[in-house]
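# Predicted coordinates and the sequence they were generated for:
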Amino acid sequence: MDTTARTAVVTGANRGLGLELTRQLLEAGDHVVAACREPGRATALNELAGVHPGRLHVLPLDVADARSRAAFVAELPLVLEGRRVDLLVNNAGVLHAGERFGRLSEANLEHSFRVNAMGPLLLAEALEPLLADGARIANLSSQLGSIARCSRFGTPSYNISKAAQNMATALLAHALAGRGIAVVALHPGWVQTDMGGDQATQTAQESAAGLLRLVEGLDPGESGGFFDWRGQPLPW
Ligand SMILES: NC(=O)c1ccc[n+]([C@@H]2O[C@H](COP(=O)([O-])OP(=O)(O)OC[C@H]3O[C@@H](n4cnc5c(N)ncnc54)[C@H](OP(=O)(O)O)[C@@H]3O)[C@@H](O)[C@H]2O)c1
């Protein structure tokens with residue numbers, strides 16, 4: 001067993017930023033547990049597993065579902081083979097487009113809260129015993145979750161759930177400080193993925209590289225902070 005390689009868990013890893021983060025972590029020599037809702041249909045991930053034999057495990061996880069989270073946490077030690085998790089990337093996220101004031105949907109609000117806010121918090125809590133001392137937790141947030149930067153009535157389910165996730169980040173930073181585990185909220189920029197769309201200004205490669213650089217260089221004193229992919233602090 002290679003004892004120098006780090007081990008990362010990435011959620012929502014089958015496409016978009018999660019897939020690119022997984023790809024770059026593997027290229028850096030790390031072990032990756034890539035979690036996604038339907039591993040059987042995760043073609044790109046399964047191809048990556050072939051390119052990096054033994055270093056990529058693809059496990060099922062719906063972050064919004066308590067039973068799925070419990071099954072993931074129970075299965076994870078089997079693929080970790082005694083290792084602990086050095087990096088948890090809570091990447092899975094959902095954005096319900098087209099919301100309008102006067103026509104808000106309780107279902108969209110609830111679903112967004114489950115995926116974007118409850119998922120990262122409850123997964124981090126459940127995985128805590130499997131995290132290494134000094135591990136990092138990167139919560140993929142958004143500048144749209146910044147209350148200070150709120151400039152229009154747009155995507156409320158998303159913005160509210162990311163603001164709630166930001167509070168979860170701040171709380172987790174306190175909960176895990178005793179073990180030297182740094183927890184940060186990260187805005188990846190406007191990224192060319194299914195969520196960001198074709199007009200987005202950055203490629204997933206650029207964003208993922210910036211995010212991983214930031215996480216790598218994190219100072220424990222920066223735990224509980226909110227940063228963009230270039231490492232610039234963002235206002236809450
Ligand atoms: N793209 C941007 O410009 C941008 C900007 C700011 C923040 N972000 C944040 O960055 C993260 C990644 O975004 P992205 O652009 O890569 O989005 P994306 O292309 O829409 O991909 C979203 C990923 O999340 C997964 N997911 C959704 N609901 C899930 C659930 N309940 N359980 C598990 N996985 C779930 C999706 O899985 P399925 O394939 O199964 O649906 C997919 O893998 C998100 O948290 C997003 O909010 C993105």
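Nice, thanks for sending it over.
# What residues does Val51 make contact with?
The contact partners of Val51, by Cβ atoms under 8 Å, 6 or more residues apart in numbering, come to Leu26. C-beta here means a position set from N, CA and C on the backbone, and glycine is covered the same way.
# secondary structure element for Ile160?
Following DSSP states H and E, one finds Ile160 within helix 156-176.
# What's the first helix or strand after that helix?
Next along from helix 156-176, by DSSP H and E: strand 182-187.
# residues in contact with that following strand?
By Cβ under 8 Å, 6+ apart, strand 182-187 touches 124, 135-143, 145, 165-166, 169, 172-173, 176, 211, 214-215, 218-220, 222-229, 234.
# Stretch 29-40 now?
Residues contacting stretch 29-40 (Cβ under 8 Å, 6+ apart): 5-14, 18, 22, 25-26, 42, 45-46, 48, 55-63, 72, 76, 79-80, 83, 85, 87, 92.
# Just the endpoints, please. Distance across that stretch?
25 Å (Cα to Cα, to the nearest Å).
# try stretch 60-74
Start-to-end span of stretch 60-74 (Cα to Cα) is 12 Å.
# If you count neighbours, what's buried in that stretch?
The neighbour-count check on stretch 60-74 (16 or more other Cβ atoms under 10 Å) flags 61-64, 68-69, 72-73 as buried.
# which one of these sits closest to Met118?
Ala64 (7.1 Å; Cβ to Cβ).
# For the closest one, which residues are in contact?
Ala64 makes contact with 111, 114-115, 118-119 under the criterion Cβ under 8 Å, 6+ apart.
# Okay, now the unreliable bits of this structure?
Filtered on pLDDT under 70, the chain yields the residue ranges 1-3.
# Identify all contacting residues around the longest strand along it.
Secondary structure of the chain per DSSP state E: the longest strand is strand 131-140. Strand 131-140 has contacts (Cβ under 8 Å, 6+ apart) with 17, 84-91, 93, 120, 124, 165, 168-169, 172, 176, 179-186, 188, 211, 215, 218.
# ok so, going back, let me have the buried residues of stretch 60-74 in a markdown table, extended by distance to Cys150 and secondary structure.
Putting the buried residues of stretch 60-74 into a markdown table (distance: Cβ to Cβ, whole Å; DSSP: H, G, I helix; E, B strand; the rest coil) gives the following:
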| residue | distance to Cys150 | secondary structure |
| --- | --- | --- |
| Leu61 | 31 | coil |
| Asp62 | 29 | coil |
| Val63 | 25 | coil |
| Ala64 | 25 | coil |
| Ser68 | 32 | helix |
| Arg69 | 30 | helix |
| Phe72 | 34 | helix |
| Val73 | 35 | helix |
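# could you redo those residues as CSV and give each row distance to Asp198?
Shown next, in CSV, are the buried residues of stretch 60-74 (distance: Cβ to Cβ, whole Å):
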residue, distance to Asp198
Leu61, 28
Asp62, 27
Val63, 26
Ala64, 27
Ser68, 31
Arg69, 33
Phe72, 32
Val73, 37
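# Intersect the residues you listed with the contacts of the ligand.
61-64 (Cβ under 6 Å from any ligand atom).
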